[in-house]
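A.B. asks: Mind folding the following:
(one chain, ligands or ions: 2)
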Amino acid sequence: MEREGRFFTDEGETGVRCVLCSRRCKIPDGGFGACGVRGNRNRRGVLPFHGMITALALDPIEKKPLFHFRPGTDILSLGFAGCNLGCPFCQNWRISRGPSSGASVPGERMTPADIVSATLDRGVRTIAYTYSEPLVHAEFLLDCMSLARRRGLANVLVSNGCAETGVAGEILSLTDAANIDLKCFSPETYAGALGGGSLGGVFETVLAFIRLARAKGVHLEITTLVVPGMNDSVAELDACADFIASLGTWPGVPWHLSAYHPCYQWKAPPTDPDFLLRVRERVGKRLGFVYTGNISGAKNDTSCVDCGAILVRRLGYGTDAGGLAEPRDGELFFRCAKCGGETGIVA
Ligand code: SF4
Ligand code: SF4
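C.D. replies: Residues are numbered from 1 along each chain as shown. Ligands and ions are numbered 1, 2, ... in the order given. A predicted model of the protein is given here:
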C-alpha cells in the first residue's frame, strides 16, 4: 500500500525534500527522512508505512489525557510508526525509532474505512490518533479524519505539534480535540536533546501549532512531561505556564503536568511527586485547570470555577461526572449541576 505523498518537493537530481515539518529533510533516492517513515523512491516522495497501524486499543479518554472532552467515555486509540523528534526518554521508542533504525515495526495495514468500522463496531464515537507521532502520517490522517467526520465520529489528535502551518491547518480543520505536548520552553532543548534537528525552528513550530489549534476552535489541552535536568527549572515551567495562560482568558487551557520515569536512554531518577504538586500549586494562580499525571494518589478533580462544586471526580482513569448537567438546547458544553454555570467541558 506504498503511496505517493503530498508534502514533498522535487529537488532534481539530488533527491526530494519533505516539507511536512521544520526539519525539512532532503531525502536521497532510496532513503528516508529523520522520522523514518517518509521516503524517496525514484525521485518520488513515498509513504511505505501508509495505513500501518502499530496499535489499536480501546482506552478511557482520560488516558490521552483529555479531561474536558466527553469525560468518562471510551475512545479508539490508533498508534503509528516513526517520529520527527527523538526524545531520549521516549516510552514508545521501539515504534518511534524503529523505522529510522532499520528495525522492523509490528503493525497491521488498515484503511480509513476499516478504522471507522472498528470504531462503530465497538460502540464508541471518538478516534484518537496517538502513540508515537501521528503527524508524520498526515496524508493518512487527512483521509481517515475526513471519513470519520462524515460518519459522525470525532477526531482527537495526541501529538508533539511539529508540523508546518499548511499541513497543520488542514489537519486541525478536521480535529475536534487535541492534546499537544509542550515539552519545554527552550529552542535549544527542542533542537538538541529532543532531536528536533539542527535547522532550528521546531520550538517556534510547536508554539505556532498550539496557537493555530486555538484559533481554529479545536478543544485543546497541553501536556508537559517534567524531566529532571531537562525542563524542571522554576523559570522554564513558569514560562510554559505563561504561554498557556496567553492562549485564553481564565480559566484557560487545561495543563497536564506529567511525572517522568526512567526510560530508553534517559537514566535520571523519576520526577519527585512533591515537586510536581508544588509546581501545580504555584501555576494554579495563572491557570484554572492544572492536573498531575503518572503519580499516585494526587487529586485531579475538576471544580466549577463559579461555585466551587466538584464537576468531575477522578481516581486514576476512573471518573464520576455526577457534578455535570446536560447542555442546554443547542449548546456543546456541560453545565454545572449545582449553579448552572458554564463549564467548558465538551459533551
Ligand atoms: S522528519 Fe519531518 S521533514 Fe523529515 S521526513 Fe519526517 S516529517 Fe518530513
Ligand atoms: S515526540 Fe513522543 S513519540 Fe516522538 S520521540 Fe518524543 S516522546 Fe517519543
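A.B. asks: I'd like the distance between the nearest residue to residue 27 once chain neighbours are set aside and residue 137.
C.D. replies: Spatial nearest neighbour of residue 27, chain neighbours left out: residue 40 (4.1 Å); criterion: Cβ to Cβ, 6 or more residues apart in numbering. Bear in mind the C-beta positions are built from the backbone N, C-alpha and C, glycine included. From residue 40 across to residue 137, the span is 17 Å (Cβ to Cβ, to the nearest Å).
A.B. asks: more crowded one of those two?
C.D. replies: Using other Cβ atoms under 10 Å, the more surrounded residue of residue 40 and residue 137 is residue 137, with 28 against 23.
A.B. asks: Now the more buried one: closest residue in space that isn't a chain neighbour?
C.D. replies: In this structure, residue 137 finds its nearest non-sequential neighbour in residue 80, 5.1 Å apart by Cβ to Cβ, 6+ apart.
A.B. asks: And the one you found, how close does it get to ligand 1?
C.D. replies: Distance, residue 80 to ligand 1, using Cβ to the nearest ligand atom, to the nearest Å: 12 Å.
A.B. asks: check contacts around that residue.
C.D. replies: Applying Cβ atoms under 8 Å, 6 or more residues apart in numbering to residue 80 gives the contacts 37, 49, 52-54, 95, 129, 131-134, 136-137.
A.B. asks: picking that back up, show me what the one helix or strand the residue nearest to residue 27 maps to is packed against.
C.D. replies: Using DSSP states H and E, residue 40 sits in strand 39-41. Strand 39-41 sits against strand 44-47, with contacts defined as 3 or more Cβ pairs under 8 Å, 6 or more residues apart in numbering; DSSP states H and E.
A.B. asks: re the thing from before, figure out how far the strand holding residue 40 is from the centre of its chain.
C.D. replies: Offset of strand 39-41 from its chain centre (Cα atoms, centre = their mean, to the nearest Å): 27 Å.
A.B. asks: Please enumerate residues in contact with it?
C.D. replies: The contact list for strand 39-41, computed with Cβ under 8 Å, 6+ apart, reads 2, 15-16, 27-33, 45-48.
A.B. asks: and if you look at stretch 14-21?
C.D. replies: With Cβ under 8 Å, 6+ apart, stretch 14-21 has contacts from 5, 7-11, 24-29, 31, 33, 35, 38, 40, 43-45, 84, 135-136, 138, 162-164, 167, 202, 205.
A.B. asks: what about residue 117, distance to residue 268?
C.D. replies: Applying Cβ to Cβ, the value for residue 117 to residue 268 is 44 Å.
A.B. asks: er, residue 217 actually
C.D. replies: Taking Cβ to Cβ, one finds residue 217 at 38 Å from residue 268.
A.B. asks: What of residue 196?
C.D. replies: From residue 196 across to residue 268, the span is 20 Å (Cβ to Cβ).
A.B. asks: Look at the two and report which has more neighbours.
C.D. replies: The neighbour count for residue 196 versus residue 268, taken as other Cβ under 10 Å, is higher for residue 196 (29 against 13).
A.B. asks: Can you tell me the closest non-neighbouring residue to that one?
C.D. replies: residue 202 (3.4 Å).
A.B. asks: need the contact list for the one you found.
C.D. replies: 21, 22, 23, 85, 162, 187, 190, 191, 194, 196.
A.B. asks: So of those, which two are at opposite extremes in space?
C.D. replies: 21 and 187 (15.0 Å; Cβ to Cβ).
A.B. asks: give the contact list for residue 10.
C.D. replies: 16, 43.
A.B. asks: Angles on the backbone of it, please.
C.D. replies: Torsion angles at residue 10 (phi, psi; degrees, to the nearest 10) stand at phi -80, psi 130.
A.B. asks: any idea how far residue 292 is from it?
C.D. replies: 48 Å.
A.B. asks: And residue 313, by the same measure?
C.D. replies: Using Cβ to Cβ, one gets 15 Å for the distance from residue 313 to residue 292.
A.B. asks: neighbour-wise, which of the two wins?
C.D. replies: The neighbour comparison of residue 313 against residue 292 (other Cβ under 10 Å) goes to residue 292, with 21 against 16.
A.B. asks: hang on, the earlier thing: go through the contacts of strand 39-41 and name the one nearest residue 252.
C.D. replies: For the contacts of strand 39-41, the nearest to residue 252 is residue 33 (35.3 Å; Cβ to Cβ).
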